[in-house]
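Engineer: Fold the following, please.
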Amino acid sequence: MASMALKKNYRSKPALQQFYTGGPFAVASDGSFIVCACDDAIKIVESSNASIRSVIEGDSQAVTALALSPDDRLLFSASHSRQIRVWELSSLKCIRSWKGHEGPVMGMACDASGGVLATAGADRKVLVWDVDGGYCTHYFKGHKGVVTSIMFHPNVTRLLLFSGSDDATVRVWDLMSKKCVATLERHFSAVTSLAVSEDGGTLLSAGRDKVVNLWDLHDYSCKMTVPTYEVLEGICVIRSKSPFASTLDSYKWQKGRKKKSESPAIYFITVGERGIVRIWNSEGAVCLFEQQSSDVTISSDSDDSRRGFTAATILPSDQGLLCVTVDQQFLFYSTLTYSEEMLKLMLSKRLVGYNEEIVDMKFLGEDEQFLAVATNLEQIQVYDLASMSCSYVLSGHTGIVLCLDTCISSSGRTFVVTGSKDNSVRLWESESRCCIGVGTGHTGAVGAVAFSKKSRNFFVSGSSDRTLKVWSLDGLSQDTEQPISLKAKAVVAAHDKDINSLAVAPNDSLVCSGSQDRTACVWRLPDLVSVVVLKGHKRGVWSVEFSPVDQCVMTASGDKTIKIWAISDGSCLKTFEGHTSSVLRASFLTRGTQFVSCGADGLVKLWTIRTNECIATYDQHEDKVWALAVGKKTEILATGGSDAVVNLWHDSTVSDKEEAFRKEEEGVLKGQELENALSDADYTKAIKIAFELRRPHKLFELFSELSRKRDAADQIEKALHSLGKEEFRLLLEYVREWNTKPKLCHVAQFVLFRVFSILPPTEITEIRGIGELLEGLIPYSQRHFSRIDRLIRGTYLLDYTLTGMSVIEPETDAGEIKDEPKTTLEAKDSGDRPSPENVDEDEVKEKTPSKKRKSHKTRAGGAQKKAKETAYTKISAVSLLA
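Structural biologist: Take a look at the predicted model:
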């Protein structure tokens with residue numbers, strides 16, 4: 001058998017994150033994304049797979065209201081700080097903000113034009129703002145309670161604004177006359193939601209008094225009151241040409257309820273505290289459809305505070321219905337079908353916005369396309385890995401689920417077993433999504449469960465009552481309507497403290513248990529006879545697992561170590577250290593030659609057993625990593641922890657190797673192009689390639705060579721004009737490094753001067769990190785300037801010294817230099833020679849040769865002085881240039 005290649009790297013992808021903690025939300029005009037309030041931040045989430053597109057950090061105050069402009073270009077937000085902000089979604093920048101209310105803003109609405117924003121406040125006021133100017137255009141007072149809901153009339157020609165309040169009234173404001181034209185008083189409790197009919201002639205208001213009122217917008221009279229017998233939180237009108245409306249028309253025709261009416265029928269949807277969707281017809285105030293059972297996760301709490309819906313909205317482009325639950329879930333209903341004389345509402349997707357803590361999880365299904373997750377809830381959530389939509393929920397426990405395990409039986413059925421704080425274990429079938437067996441008998445919370453690996457006809461449970469139980473799956477029928485009572489085949493008091501983890505051997509002959517008493521025990525199945533006790537950890541054992549190929553067990557402990565033990569004699573074979581806190585989970589990979597571990601330090605580590613080496617460490621979690629799942633076929637990893645984030649990890653060893661080879665090949669080709677460009681003296685192309693290859697030394701050589709050329713300015717400007725903003729940022733980083741070295745600074749200053757000459761200040765300020773780059777450039781540039789200044793001043797002293805030594809002469813005008821030798825000779829002649837009258841011809845003849853020799857010397861001395869003067873003038877010019 002060929003040996004498997006060792007894994008060297010994994011890449012993570014955040015699959016499940018917190019994005020909604022309750023409160024306001026807004027849906028895009030095309031339904032592609034949802035803007036959600038998450039504590040003091042605003043998160044923009046993809047509707048398709050719940051991935052977070054972007055995050056807008058808030059002002060440390062909880063967000064109270066959100067709204068989108070009709071073109072999805074602007075986002076409006078408000079928080080408890082009473083600050084109203086306008087965000088540009090393309091850049092995620094706040095382009096405008098102001099304050100206007102004396103209390104928190106509870107609701108927002110943008111009109112169809114996108115130029116006017118209405119806000120409803122806890123200060124009982126309704127204000128209308130000009131979006132571009134940020135000033136208040138309308139100031140409405142009149143409500144006697146907190147204004148909870150607000151909306152514009154959908155017809156832009158009718159300038160009406162509706163507001164609902166805790167004072168049980170709905171007020172209609174005319175934006176032209178700036179007055180309240182009607183006060184609608186038929187509710188007896190807070191008004192929670194408003195909607196306008198498709199023809200714009202009817203206003204629907206829903207309240208906590210369990211009724212829906214229909215108001216005529218012509219005379220503002222109450223046309224009808226529909227009792228719903230449920231506290232309502234949301235109401236929305238179904239458009240006449242939508243699939244919902246066509247299905248309802250067919251249903252009414254089949255039922256023979258078609259009646260002639262003066263006004264067209266209005267179909268509307270209500271949601272509320274019961275957690276069911278109901279569809280009503282305004283004709284006769286009848287309920288056409290009511291869900292038989294709620295899709296909302298039902299808590300075991302006795303009160304109804306964690307049940308029901310908080311809002312509902314019709315998605316654009318006939319995408320269906322979106323309902324938001326109290327426990328921060330988004331339920332997408334796609335279609336309403338009519339079959340067998342019954343209407344059915346299909347739940348297409350469930351996005352979970354908030355999980356407090358991931359406790360345990362396992363892959364599910366033959367192809368491992370599902371992930372079963374246990375959180376701080378009484379239910380198990382099963383996610384589809386493709387869309388990260390919660391496909392279904394397994395409800396039945398009355399306490400928090402602490403552990404779970406999955407298996408596929410010999411008959412092909414997929415089972416899930418769970419242990420809970422309610423001291424029971426439950427067996428679930430994933431296809432029917434129902435509980436088929438319940439095991440009771442533990443007197444403490446069940447903290448560990450493990451399925452059989454080979455025969456798959458039993459599972460083992462461990463509890464805080466310090467006992468192990470083996471449960472048989474014999475007697476399970478195919479069509480069990482009610483869960484049967486599972487029977488325990490064997491029981492043993494295993495440890496002195498709580499049992500944290502269990503693992504069954506690949507051949508079903510042994511089971512290993514890890515406990516808080518710092519030991520791990522190996523037991524023989526099925527009678528639970530002790531085989532060996534593994535002692536050596538200094539803290540509790542959090543995880544145990546059998547090797548898939550060797551006779552050994554791996555344990556992870558709170559003492560920050562992972563140990564591998566021999567089953568035969570209980571000796572410790574290897575110890576792995578590297579975590580900085582408790583190691584909570586560890587699982588084998590690559591046929592037992594590697595393993596992966598995670599701990600309370602938030603780290604995930606990949607180890608090679610043979611070399612005792614940690615070959616990779618990943619820091620993708622912000623808190624304890626409690627859960628680790630390994631796909632048996634795909635070896636995909638899934639980790640989750642206290643930060644409520646689930647990360648999926650894919651083996652990237654092969655892809656990384658291919659990527660490195662491709663980059664190396666591209667580097668060779670680019671290097672050859674660079675050499676060709678140099679040989680052709682194409683400096684622009686050479687500089688561009690050097691940037692692509694990230695070769696700062698080569699860039700320095702190119703700029704240094706360019707700076708020595710006569711047309712250096714033109715060449716460098718041509719090269720720099722071809723660079724983008726990111727390349728300019730890189731260039732400035734390189735220049736900053738060159739500028740720190742005296743040998744390289746002249747090239748750095750040369751390039752820096754050209755960059756600042758080419759780029760206008762506005763573009764320079766837009767370069768990312770320009771402030772930090774300038775902070776690194778300025779001190780060294782000042783130091784270089786001071787050094788050059790000292791050198792120049794030093795040349796003045798040198799010039800003065802050489803002039804005083806008559807090595808060089810002071811600089812004078814050219815005319816004076818030409819006349820000076822003649823004047824000297826004339827002075828000498830006039831002082832030494834006698835007058836021509838006293839000299840005879842013989843004396844003149846004798847003295848003539850000496851005069852000639854003297855003139856030769858004089859000319860030679862003058863030439864030498866001129867040469868020296870020229871030489872020192874050149875030296876001073878060079879020093880000045882330096």
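
Engineer: Can you pull out the low-pLDDT segments for the stretch 751-882 of the chain?
Structural biologist: Scanning the stretch 751-882 of the chain for pLDDT under 70 picks out 808-882.

Engineer: now stretch 239-248, how far from the centre of its chain.
Structural biologist: Offset of stretch 239-248 from its chain centre (CA atoms, centre = their mean, to the nearest Å): 38 Å.

Engineer: If you count neighbours, what's buried in it?
Structural biologist: 240, 242-245, 247-248 (16 or more other CB atoms under 10 Å). Heads up, the C-betas are built off the backbone N, CA and C, glycines and all.

Engineer: So which residues make contact with it?
Structural biologist: 198, 238, 264, 267, 279, 281, 288-289, 314, 318, 321, 335-338, 343 (CB atoms under 8 Å, 6 or more residues apart in numbering).

Engineer: I'd like to know which of those are buried.
Structural biologist: Counted by 16+ other CB under 10 Å, the contacts of stretch 239-248 give 198, 238, 267, 279, 281, 288-289, 314, 321, 336, 343 as buried.

Engineer: Skipping adjacent residues, who's closest to Gly667 in space?
Structural biologist: Leu693 (6.3 Å; CB to CB, 6 or more residues apart in numbering).

Engineer: Give me the packing partners of the helix or strand containing Val747, helices and strands only.
Structural biologist: Following DSSP states H and E, one finds Val747 within helix 745-758. Counting by 3 or more CB pairs under 8 Å, 6 or more residues apart in numbering; DSSP states H and E, the packing neighbours recorded for helix 745-758 are helix 696-707, helix 712-721, helix 725-739, helix 770-804.

Engineer: Quick check: buried residues in the next helix or strand after that helix?
Structural biologist: Once helix 745-758 ends, the next helix or strand along the chain (criterion: DSSP H and E) is helix 761-765. Neighbour-count burial for helix 761-765, with 16+ other CB under 10 Å as criterion, is recorded at Ile764.

Engineer: now what about helix 761-765, what contacts it?
Structural biologist: 725, 756, 770.

Engineer: for stretch 147-154, same thing?
Structural biologist: 106-112, 116, 118-122, 124-126, 159-166, 190-196, 200, 217.

Engineer: Filter these down to just the buried residues.
Structural biologist: Counted by 16+ other CB under 10 Å, the contacts of stretch 147-154 give 106-111, 116, 118-122, 124-126, 160-166, 190-196, 217 as buried.

Engineer: Return the subset of the contacts of stretch 147-154 lying in strands.
Structural biologist: Of the contacts of stretch 147-154, the ones assigned to strands by DSSP state E are 106-110, 116, 118-121, 125-126, 160-165, 191-196.

Engineer: Any chance of a markdown table for the helices and strands packed on helix 745-758, columns distance to Leu752?
Structural biologist: Output for the helices and strands packed on helix 745-758, formatted as a markdown table (distance: least, CB to CB, whole Å):
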| stretch | distance to Leu752 |
| --- | --- |
| helix 696-707 | 10 |
| helix 712-721 | 11 |
| helix 725-739 | 5 |
| helix 770-804 | 7 |
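
Engineer: so which of those comes closest to Phe451?
Structural biologist: helix 725-739 (52.7 Å; CB to CB).

Engineer: which parts of that closest one are buried?
Structural biologist: 728-732, 734-736, 738-739.

Engineer: Save those residues as CSV, and put in pLDDT and distance to Arg186 too.
Structural biologist: Formatted as CSV, these follow (pLDDT from 0 to 100; distance: CB to CB, whole Å):
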residue, pLDDT, distance to Arg186
Phe728, 82, 66
Arg729, 84, 64
Leu730, 85, 68
Leu731, 85, 71
Leu732, 86, 68
Tyr734, 86, 74
Val735, 86, 74
Arg736, 87, 72
Trp738, 87, 78
Asn739, 85, 77
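
Engineer: before we move on, the earlier item: how about exporting the helix holding Val747 as PDB, limited to the C-alpha atoms?
Structural biologist: Extracted in PDB, the C-alpha atoms of helix 745-758 (Å, rounded to 0.1, in the frame of the first residue of the first chain):
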ATOM      1  CA  CYS A 745      20.300  57.800   0.100                       C
ATOM      2  CA  HIS A 746      21.300  59.900  -3.000                       C
ATOM      3  CA  VAL A 747      19.300  57.500  -5.300                       C
ATOM      4  CA  ALA A 748      16.400  57.500  -2.700                       C
ATOM      5  CA  GLN A 749      16.300  61.300  -2.700                       C
ATOM      6  CA  PHE A 750      16.500  61.400  -6.500                       C
ATOM      7  CA  VAL A 751      13.500  59.000  -6.800                       C
ATOM      8  CA  LEU A 752      11.600  60.800  -4.000                       C
ATOM      9  CA  PHE A 753      12.000  64.100  -5.800                       C
ATOM     10  CA  ARG A 754      10.600  62.700  -9.000                       C
ATOM     11  CA  VAL A 755       7.600  61.000  -7.300                       C
ATOM     12  CA  PHE A 756       6.600  64.300  -5.600                       C
ATOM     13  CA  SER A 757       7.100  66.200  -8.800                       C
ATOM     14  CA  ILE A 758       4.800  63.800 -10.800                       C
END
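
Engineer: Go through that helix and flag the buried ones.
Structural biologist: Result for helix 745-758 [16+ other CB under 10 Å]: buried residues 745-752, 754-755.

Engineer: Next, format those residues as TSV and append distance to Glu273.
Structural biologist: Listed next are the buried residues of helix 745-758 as TSV, based on distance: CB to CB, whole Å:
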residue	distance to Glu273
Cys745	74
His746	77
Val747	74
Ala748	70
Gln749	73
Phe750	74
Val751	69
Leu752	68
Arg754	70
Val755	65
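
Engineer: quick one: which of the residues you listed is nearest Lys144?
Structural biologist: Minimum distance to Lys144 across the buried residues of helix 745-758 is 64.9 Å, recorded for Val755 (CB to CB).

Engineer: can you pull the contacts of the closest one?
Structural biologist: With CB under 8 Å, 6+ apart, Val755 has these contacts: 720, 728, 731-732, 735.

Engineer: cool, Phe546 as well?
Structural biologist: 503-506, 510, 512, 552-554.

Engineer: Closest one to Val646 out of the residues you listed, please.
Structural biologist: Ala503 (22.5 Å).

Engineer: Could you measure from that closest one over to Val668?
Structural biologist: Taking CB to CB, to the nearest Å as the measure, Ala503 falls 50 Å from Val668.

Engineer: Also Tyr229?
Structural biologist: Per CB to CB, Tyr229 is found 76 Å from Val668.

Engineer: same thing with Cys521?
Structural biologist: From Cys521 over to Val668 (counting by CB to CB), the distance is 58 Å.

Engineer: For these two, indicate the residue with more neighbours.
Structural biologist: Cys521 (25 against 10; other CB atoms under 10 Å).

Engineer: for the helix or strand harbouring the more buried one, packing partners?
Structural biologist: Using DSSP H and E, the element containing Cys521 is strand 519-524. The contact analysis (3+ CB pairs under 8 Å, 6+ apart) places strand 519-524 against strand 510-515, strand 529-535, strand 541-546, strand 552-557.

Engineer: Could you list the paired strands of the last one along with their orientation?
Structural biologist: Here strand 552-557 is paired, per DSSP bridges, with strand 541-546 (antiparallel), strand 561-566 (antiparallel).
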